[in-house]
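**Student:** Have a look; sequence and predicted model below, questions after that.
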Amino acid sequence: MSAGGAGGAGADSAGGAEDPAGAGSAAAGGGAPGAGSSGAPGADSGGGTRLRGRTAALASVLDQGAAGLTNILVLILAARLSTATGFARFSMVYLVFTVTLGLFMAYVGQALVLVRGDAARVRTACRSALAFTVVAALVTGAGFALLGTAIPVPGPALAALGAVLPLVLLQDAARYCFSLLGRPDHALAADSVRLVATVAALTWQPDGASPARLVLAWGLAALPSAVVAAALLHRPLAGAATSLRPYLRRGHLGQRFAVEFAVGNGAGQLAVLGLGVVGSPLAVGALRGASALFGPLNVLFGAANGFGPPLLARLGGSRSVVRATLLLGGVLAATGALWGTAWWLLPEDWGRQVLGDTWPAVASLLPASAAQYTLMGFGVSALLTLRVLSPRETLPVQVVFSLLSVTLMYAGFQWAGVLGAAWGLAAGSGLKAAAAWRRVGRARRQERTEAEHTGRPVPS
């Protein structure tokens, strides 16, 4: 299962919807891995024929949906089983996991899916990635466990995260291996098992379960999925070499991806965690509860980012691309507004059935969250346009406005508590969308100027 970025921030990464509050898109490191590509198209990578075309795309979409749904249900089930204080503490630890997963998958996973070469090279890359993930996760998990024993809140839950961290990170790393091997159907199988096991494990917990118990139940639920993934990877990776040296070498491609994640999504999520440290843990619980309700939209935004560029590239001219993305932005924004309105109109008793004692705090944030996701729809479409017309323009927007969103969140929190923080995030989303569309306009003007100077027609 991935813990991607779900509702609460308003930063939209080039690879997926980014969100400081937390968890809902399929992959924290920038979108769920797709069908992958390495070696000769359709070649046997050591484990059977690669999926291609629509079948691979469908399996990738379904896998992204399964991973995203798992993250949404984790938050909803934890909220239903916990007191408001207990969910706030669980949310703080889950945010720590979200950031850790994002860094690991940026450093390991995103670099892995770019590997090219023959079957032996692909198999070695997969096995090495899994080995590095295990070693690094053991070290990181031990650090969390030691820190958890030294701090009172949320110490026990953080120690529990340290105990299960190698298992959950290994299960997610396997998804990227399946992507590289061209078998998104195998990733779907493993993530489907993860979804069922997670729901079952958390459903069986008693009301009022401690955050530490919920973290352990959630983490151990990854075991069946890890077993399935291991069985599916056994034949493709049999006899492959293992080398950790590339991951320790200066200049490893994953270092760039990790930095991009850290200054964007990671910084935003840590900022929300900081609200629980310097402000109130209940603020984290409220923002995370809202993020769970809007989780499906993060999956939708991630799908738009993942599958939009190749479809838009077929349109040819920049004018056609901008028309299509403006329409897409309108659809995404309308979806966000309607989704938020539906939750806002939900009777209180029904809301408590969804999020338990956390519902009253979340309900007060719904207008701000709905506004944020409405604006995020336009931001996603603008960044998608830039990725097609001028890819280098996306990173400056990401960095500057992700940090601005964090600043506005803290300013809003100082002004009006958690409600102010939510409106600060919404304002950050709006400013980011406006800046991105402004850059789209500048890119179009530059294209027209170049066309005039060279005498070539402006692409339509």
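**Tutor:** In hand now; what should we look at? Numbering: from 1, shown residues only.
**Student:** Can you find the helix or strand of the protein with the lowest average pLDDT?
**Tutor:** Lowest by mean pLDDT, DSSP states H and E among the helices and strands of the chain is strand 11-13, with a mean of 36.
**Student:** what about the strands in this protein?
**Tutor:** Applying DSSP state E to the chain gives strands spanning 11-13, 16-18.
**Student:** where in the stretch 251-400 of the chain is pLDDT low?
**Tutor:** 306 (pLDDT under 70).
**Student:** mind checking how far the lengthiest helix in the chain is from the chain centre?
**Tutor:** Counting by DSSP state H, the longest helix found in the chain is helix 394-454. Distance of helix 394-454 from its chain centroid, counting by Cα atoms, centre = their mean, to the nearest Å, is 19 Å.
**Student:** Does anything pack onto that helix? Which helices or strands?
**Tutor:** Applying 3 or more Cβ pairs under 8 Å, 6 or more residues apart in numbering; DSSP states H and E, we find helix 394-454 packed against strand 11-13, helix 267-274, helix 281-293, helix 318-344, helix 366-389. All C-beta spots, glycine's among them, are computed from the backbone N, C-alpha and C.
**Student:** Tabulate those (a markdown table), appending mean neighbour count and distance to Ser405.
**Tutor:** Formatted as a markdown table, those follow (neighbours: other Cβ atoms under 10 Å; distance: least, Cβ to Cβ, whole Å):
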| stretch | mean neighbour count | distance to Ser405 |
| --- | --- | --- |
| strand 11-13 | 31 | 6 |
| helix 267-274 | 22 | 6 |
| helix 281-293 | 29 | 13 |
| helix 318-344 | 18 | 16 |
| helix 366-389 | 26 | 10 |
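**Student:** would you list the ones you listed in TSV and tack on distance to Leu58?
**Tutor:** As requested, the helices and strands packed on helix 394-454 are exported to TSV (distance: least, Cβ to Cβ, whole Å):
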stretch	distance to Leu58
strand 11-13	24
helix 267-274	30
helix 281-293	26
helix 318-344	20
helix 366-389	21
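**Student:** Out of these, the one nearest Met105 is which?
**Tutor:** Closest approach to Met105 among the helices and strands packed on helix 394-454 (Cβ to Cβ): strand 11-13, 12.7 Å.
**Student:** returning to what we had before: closest one to Arg235 among the helices and strands packed on helix 394-454?
**Tutor:** Across these, closest to Arg235 is strand 11-13 (Cβ to Cβ), at 34.6 Å.
**Student:** pLDDT below threshold where in the stretch 1-150 of the chain?
**Tutor:** Ranges of the stretch 1-150 of the chain meeting pLDDT under 70: 1-50, 52-53.
**Student:** what are the ranges of the helices in it?
**Tutor:** Applying DSSP state H, counting those that start in this stretch to the stretch 1-150 of the chain gives helices spanning 53-81, 84-104, 110-112, 119-150.
**Student:** Can you convert the ones you listed into TSV and add a column each for mean neighbour count and distance to Leu338?
**Tutor:** Converted to TSV, the helices of the stretch 1-150 of the chain look like this (neighbours: other Cβ under 10 Å; distance: least, Cβ to Cβ, whole Å):
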stretch	mean neighbour count	distance to Leu338
helix 53-81	22	18
helix 84-104	25	26
helix 110-112	24	33
helix 119-150	19	40
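**Student:** Return the distance of Leu253 relative to His234.
**Tutor:** Separation of Leu253 from His234 (Cβ to Cβ, to the nearest Å) stands at 27 Å.
**Student:** These two - which one has more neighbours?
**Tutor:** For Leu253 versus His234, the count of surrounding residues by other Cβ atoms under 10 Å is larger for Leu253: 14 against 10.
**Student:** In TSV: the helices of the stretch 1-150 of the chain, plus distance to Val215.
**Tutor:** Shown next, in TSV, are the helices of the stretch 1-150 of the chain (distance: least, Cβ to Cβ, whole Å):
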stretch	distance to Val215
helix 53-81	9
helix 84-104	6
helix 110-112	26
helix 119-150	10
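**Student:** wait, which of those helices is closest to Ala271?
**Tutor:** helix 84-104 (10.0 Å).
**Student:** before we move on, back to that, what about the helices and strands packed on helix 394-454, which gets the closest to Gly117?
**Tutor:** Across the helices and strands packed on helix 394-454, Gly117 has its closest neighbour in helix 366-389 (26.2 Å, Cβ to Cβ).
**Student:** name the helices or strands packed onto the closest one?
**Tutor:** strand 11-13, helix 281-293, helix 295-313, helix 318-344, helix 394-454.
**Student:** Go again with 10 Å.
**Tutor:** Secondary-structure packing of helix 366-389 (3 or more Cβ pairs under 10 Å, 6 or more residues apart in numbering; DSSP states H and E): strand 11-13, strand 16-18, helix 281-293, helix 295-313, helix 318-344, helix 394-454.
**Student:** Now distance to Ala129 too, for these, in CSV please.
**Tutor:** Output for these, formatted as CSV (distance: least, Cβ to Cβ, whole Å):
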stretch, distance to Ala129
strand 11-13, 22
strand 16-18, 20
helix 281-293, 29
helix 295-313, 21
helix 318-344, 33
helix 394-454, 25
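**Student:** Tell me which of those sits nearest to Ala145.
**Tutor:** Of the helices and strands packed on helix 366-389, nearest to Ala145 by Cβ to Cβ is helix 281-293, at 20.7 Å.
**Student:** Which parts of the stretch 151-300 of the chain are helices?
**Tutor:** Remark: helices assigned in the stretch 151-300 of the chain by DSSP H, counting those that start in this stretch are 155-180, 184-203, 211-220, 222-237, 245-248, 253-261, 267-274, 281-293, 295-313.
**Student:** Most tightly packed of those helices?
**Tutor:** Highest mean neighbour count among these (mean count of other Cβ atoms under 10 Å): helix 281-293, with a mean of 29.
**Student:** Gly276 contacts Gln269, correct?
**Tutor:** No: Gly276 lies out of contact with Gln269 (Cβ atoms under 10 Å); the separation is 11.5 Å.
**Student:** Just the buried positions in stretch 396-410, please.
**Tutor:** Neighbour-count burial for stretch 396-410, counted by 16 or more other Cβ atoms under 10 Å, picks out 397-399, 401-406, 408-410.
**Student:** returning to what we had before: looking at the helices of the stretch 1-150 of the chain, which is closest to Leu300?
**Tutor:** Here helix 53-81 is closest among the helices of the stretch 1-150 of the chain (Cβ to Cβ), at 9.2 Å.
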